[in-house]
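**Student:** with the sequence up front, the predicted model follows.
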Amino acid sequence: MRRLIISAIFAFLSWFAFFSNPGSFFVPVNHFGGAVFLVAVFLLYYKQNFFPVRKPELVFTALLSMFWFIGVTFTLYDSFKLLTASPINAVYSAIILAGYLPFFYAATCFLTEKILAYKPESKIKSEEGRRFNNFLTPFLFFLLAWLPYFFIYFPGTFINDSVRQLSQFEGVDPFTNHHPIISTFFMGALFRAGDFFGGVNAGLATITIVHNLMMAAAFSLALCYLKKWGIAYNVRMVIMVFFAVFPVFGIWAQTILKDTHSAAVVLVFVLLYIDVIRDYSRKRLVLCITAAIIASLLRNEIVYVVTPAILALAILPASRKRRIVMLAAGVAVFFAVRVIVGGAMAITDAEAGSVREALSVPFQQTARFMRYHEITDEERAVIAATFHDYYLLGEVYHPRISDPVKNRFIEGADLGAYFRTWAAMGLRAPLTYFEAAVAVSFSYVVPFGPDWHIVWVDSSHDAIPDFDRGEIYYMFSTPAMRFAPARLLEFAERVPVLGFFFHTGNYTWGMAFLVLLLIKSRARQVRGEHRGHMSEATHSLEAGNFALLYFLPALMIILACMASPVHGFWRYYLPIMFMFPVLAAVTLGKCPHEKSLEASSER
């Protein structure tokens, strides 16, 4: 009876949380759907034993509930208004959170139990007799699957950033490292080669073709490494089909933007990084360092992703000499990138990128403060010396994108004076500052949050300089054809399960769940060792002591995204989308018939 009552109370709270809330992400909301949900969660709660409480699952679901609530209130109001508007709102919010927590806790416990107990031996098929080239077959399959997008968007899709990089290479605009100068040379060289043989359209198409080849090669290499690590054939086939069929990948392969080739190289770095963790050798480390440097040259913030990741390798069990090598490798990557970029800038007389790109959050906080609060004369003087037309900051402030504010920054302004003023203002209105920081980044860390530009499906060709050598035009498609994939994406986003992959925050929480599984798996393994026999937990789960390091590059990218100028911007998050299937496979898809790779001796 006690379990029946508790289950009924929790079921009602969860129903109230998800179906009374206009910001819930369960759509469409109707009476029938609400009734089905109420019955389903009651049965889940009745079957699930809440006691004793499982601490890892409780911590995970408490955080998930909190971030889900943040997603609701900021999607609706770009603030904590749902919580802070009135005492009634505070009570209402508490009830909502009380409904989220048991739902996510029961669902998480159910999933972890099923996954940790799963024994896939009977469902793993032998690869004997299969004719499957580990690299070439998926490589060609990807190119074939993306071919319709290639013709629809030929010679390629581009935005203002693409225009600026090509304009710099062609001498229309001066060089600047705001867009990585090596990436500019890479795209410009491809454009010039194609233009030499077939004009401007051929130049753009050359970049598009190389992007297709790079993405296909990176994804095929991922499948090769997954096989090397003992991931089951069926799991690899699911990932191959996902990379080929999910429309976002096919469209991004046609996008003339630094993010496409950068994300492909970041994926290669992650593969080599995981390989070093699993089976160290000097050759693997050199390859990993090389990929880290190349990835950092193609996108500025990646150096702050790969450097900590490589430095963290020093915590692996190894000799003192090897740990020193790991630390030296991380430092070498950082300075190598600085030297190469500095040399390229000196040769081209390029300007450094503006510091404003790293200050989106404090600038947003200043602008939000000016919208809702009064400033002193002393503060006004400092802000006027930091921003053009400072008095407009409150008006142009957009909670989810910092460009209208940061683009008013006066280069060379006294940042020391600005930050002293910024800190003093923040002490007077800490909630305003917190809301400003959350509003510009929340989609990266909340499930099913609103995102910004999943893909680009059309281009402003008038913005591309033709350099007096010909007209740029789509050769094989009409506007209706180019927008058809966008309609396909809108439909796919509403398909159950598939819709999960259309939100940046879902990937973040998907990886958090994988980390939870690793923690639970390792705990069971330790308990099994203490009992004097092998762990009962992990038939298909990677349970090494240092498997959590696999996720470090992804964590650093998420942090970089949260400090970026735009919330939920897919092109910033693209490397996460590329590496998520790999991280899921190495966590969940271990083939039980192959021995785990053991740490090799230093070679």
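**Tutor:** Structure received.
**Student:** from here on, contacts and neighbour counts on C-alpha atoms
**Tutor:** OK.
**Student:** quick one: stretch 87-106 to chain centroid distance?
**Tutor:** Distance of stretch 87-106 from the chain centroid (C-alpha atoms, centre = their mean, to the nearest Å) equals 28 Å.
**Student:** and it, what's buried?
**Tutor:** Neighbour counts over stretch 87-106 (16 or more other C-alpha atoms under 10 Å) mark 92-93, 96-106 as buried.
**Student:** and these as CSV, adding secondary structure and pLDDT?
**Tutor:** CSV is the format used below for those (DSSP: H, G, I helix; E, B strand; the rest coil; pLDDT from 0 to 100):
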residue, secondary structure, pLDDT
Y92, helix, 91
S93, helix, 92
I96, helix, 92
L97, helix, 93
A98, helix, 93
G99, helix, 92
Y100, helix, 93
L101, helix, 93
P102, helix, 93
F103, helix, 94
F104, helix, 95
Y105, helix, 94
A106, helix, 93
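**Student:** just those residues now: which is nearest E170?
**Tutor:** E170 has its nearest neighbour among the buried residues of stretch 87-106 in F104, at 54.0 Å by C-alpha to C-alpha.
**Student:** mind listing what that closest one touches?
**Tutor:** 61, 64-65 (C-alpha atoms under 8 Å, 6 or more residues apart in numbering).
**Student:** can you lay out these as JSON lines showing pLDDT, distance to N177 and neighbour count?
**Tutor:** Putting the contacts of F104 into JSON lines (pLDDT from 0 to 100; distance: C-alpha to C-alpha, whole Å; neighbours: other C-alpha atoms under 10 Å) gives the following:
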{"residue": "T61", "pLDDT": "96", "distance to N177": "42", "neighbour count": "23"}
{"residue": "L64", "pLDDT": "96", "distance to N177": "38", "neighbour count": "21"}
{"residue": "S65", "pLDDT": "95", "distance to N177": "41", "neighbour count": "24"}
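**Student:** and those residues, which is closest to M511?
**Tutor:** The closest of these to M511 turns out to be L64 (C-alpha to C-alpha; 12.4 Å).
**Student:** buried ones in the helix or strand containing the closest one, by neighbour count?
**Tutor:** Assigned by DSSP states H and E, L64 belongs to helix 55-77. Buried positions in helix 55-77, judged by neighbour count with 16+ other C-alpha under 10 Å: 57-58, 60-62, 64-65, 67-75.
**Student:** may I have the helix or strand just after that helix as PDB, with CA atoms only?
**Tutor:** Sequence order places helix 81-84 as the next helix or strand after helix 55-77, per DSSP H and E. The C-alpha atoms that make up helix 81-84 are tabulated as PDB, following Å, rounded to 0.1, in the frame of the first residue of the first chain:
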ATOM      1  CA  LYS A  81      10.700  34.700 -14.200                       C
ATOM      2  CA  LEU A  82       8.900  31.400 -13.900                       C
ATOM      3  CA  LEU A  83      10.500  31.000 -10.400                       C
ATOM      4  CA  THR A  84      11.000  34.600  -9.200                       C
END
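**Student:** can you offset everything so residue one is 15?
**Tutor:** In the new numbering, first residue 15, that becomes helix 95-98.
**Student:** so where is the stretch 65-214 of the chain shaky, pLDDT-wise?
**Tutor:** Along the stretch 65-214 of the chain, the model assigns pLDDT under 70 to residues 133-147.
**Student:** and the helices in it?
**Tutor:** Ranges of helices within the stretch 65-214 of the chain are 69-91, 95-98, 101-131, 150-167, 174-183, 195-242, based on DSSP state H, counting those that start in this stretch.
**Student:** rounded mean pLDDT for stretch 294-314, please.
**Tutor:** Averaged across stretch 294-314, pLDDT comes to 95.
**Student:** got the contact list for that stretch?
**Tutor:** With C-alpha under 8 Å, 6+ apart as the test, stretch 294-314 has contacts from 193-197, 272-273, 275-277, 279-280, 282-283, 286-287, 289-290, 316-317, 320, 343, 347-348, 350-351, 355, 613-617.
**Student:** buried residues in it?
**Tutor:** 294-295, 298-299, 302-303, 305-314.
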